[in-house]
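**Student:** sequence and predicted structure are below.
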Amino acid sequence: MKKTSTILFCLLLCTPTFAKNTYIGEQYLGAKYATNPLGEEKAPDTDPLIRTDAFDCTTFVETSLADGDVNKLTKIRYKDGKIDFKNRNHFIETDWIKNNANIVENISDTYGKTSTKTVTIDKKSWFKKIYKTDTDFKKQTAKIQYLPISEVSKIKTDKPLIVLFLAENSQFRDRFGSDFTVTHMGFLLPNGMLRHASRKQGKVVDTDFDKYIKHRKENKNNIGIALLKIK
């Protein structure tokens, strides 16, 4: 083999950027699903700051974005990177998207005509109802641009996107003491697969995105998806 051919062959096989961008989270495929696996290592959430053997949908996305680095993960999970239970980006709608604006951007309108959902989050009620903790949080509102579920069809991307799945259900408010709109998240890959931590399958899996959307369309509570570019 000529020297030039050898160099090109090595570049195709060995370039880490391509592999990382295309197959984000690949190293965690098969890891088990666990609800709320991460915490601050102290009360009220004594779970570890990082683990790579178990995920829920959010911690899978976060850990993959951080490439398994606990310092990067901390900056994603907490406002200004300050580790504290009350400072954690608990709500995708008002916390996570806003506080991670340096690494993600909503580009849903690139893929079709969008709608806008206004979400009100009552953190004070949520902390009290779920964790029996008093706080001085004020109600927050956020607007999320999304593609209505009826309009979602073939989505082509040359780089992984974060996909947020939105739903409306009054039971969320009754159960959790606050509105929820984002009920699931994962990565939409260039090969048409959804890579996510699946509660139903009990592990991190690749699922055909079109089939997954078709299944979600069967539930009237599912209103659409938001697509976030990874900067």
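**Tutor:** Right, received. Where do you want to start?

**Student:** Gln27 and Thr63, how far apart?
**Tutor:** 10 Å (C-beta to C-beta, to the nearest Å). Using the backbone N, CA and C atoms, a C-beta is placed for each residue, glycine as well.

**Student:** which neighbours do the two share?
**Tutor:** Common contact partners of Gln27 and Thr63 (C-beta atoms under 8 Å, 6 or more residues apart in numbering): Thr52.

**Student:** more neighbours, these two?
**Tutor:** Taking other C-beta atoms under 10 Å, Gln27 and Thr63 do not tie; Thr63 has more neighbours (27 against 14).

**Student:** the more buried one: which element?
**Tutor:** Following DSSP states H and E, the helix or strand that holds Thr63 is helix 57-65.

**Student:** which is the next helix or strand following that helix?
**Tutor:** Next along from helix 57-65, by DSSP H and E: helix 70-77.

**Student:** tell me which residues are up against that following helix.
**Tutor:** For helix 70-77, contacts defined as C-beta under 8 Å, 6+ apart pick out 38, 49-50, 62-63, 65-66, 81, 83, 88-89, 100, 103.

**Student:** most neighbours, which of these?
**Tutor:** Within the contacts of helix 70-77, neighbour counts (other C-beta under 10 Å) peak at Thr63, which reaches 27 neighbours.

**Student:** from Ile162, how far out is it?
**Tutor:** Thr63 sits 13 Å away from Ile162, going by C-beta to C-beta.

**Student:** what ranges do the strands span in the protein?
**Tutor:** In the chain, the segments counted as strands under DSSP state E are 32-33, 54-55, 104-106, 115-121, 140-148, 161-167, 182-188, 193-198, 203-208, 222-230.

**Student:** what residue is smack in the middle of this structure?
**Tutor:** In the chain, the residue lying closest to the centroid (C-alpha atoms, centre = their mean) is Met185, at 4.0 Å.

**Student:** what sits against it?
**Tutor:** For Met185, the contacting residues are 57-58, 61, 92, 162-165, 196, by C-beta under 8 Å, 6+ apart.

**Student:** what is the burial count for Arg199?
**Tutor:** Counted with other C-beta under 10 Å, Arg199 comes out at 13.

**Student:** ok, for it, nearest residue in space, not its chain neighbours?
**Tutor:** For Arg199, ignoring the flanking residues on the chain, the nearest one in space by C-beta to C-beta, 6 or more residues apart in numbering is Tyr33 at 5.5 Å.

**Student:** what about that neighbour, how many neighbours?
**Tutor:** Tyr33: 20 surrounding residues under other C-beta under 10 Å.

**Student:** quick one on the thing from earlier: which strands and helices lie in contact with the helix holding Thr63?
**Tutor:** helix 70-77, strand 182-188, strand 193-198 (3 or more C-beta pairs under 8 Å, 6 or more residues apart in numbering; DSSP states H and E).

**Student:** please state the offset of it from the chain centre?
**Tutor:** 6 Å (C-alpha atoms, centre = their mean, to the nearest Å).

**Student:** for it, give the mean pLDDT please.
**Tutor:** What helix 57-65 shows for mean pLDDT is 98.

**Student:** and if you look at stretch 215-229?
**Tutor:** Mean pLDDT, computed over stretch 215-229, is 96.

**Student:** straight-line length of that stretch, end to end?
**Tutor:** Separation of the first and last residues of stretch 215-229 by C-alpha to C-alpha, to the nearest Å is 24 Å.
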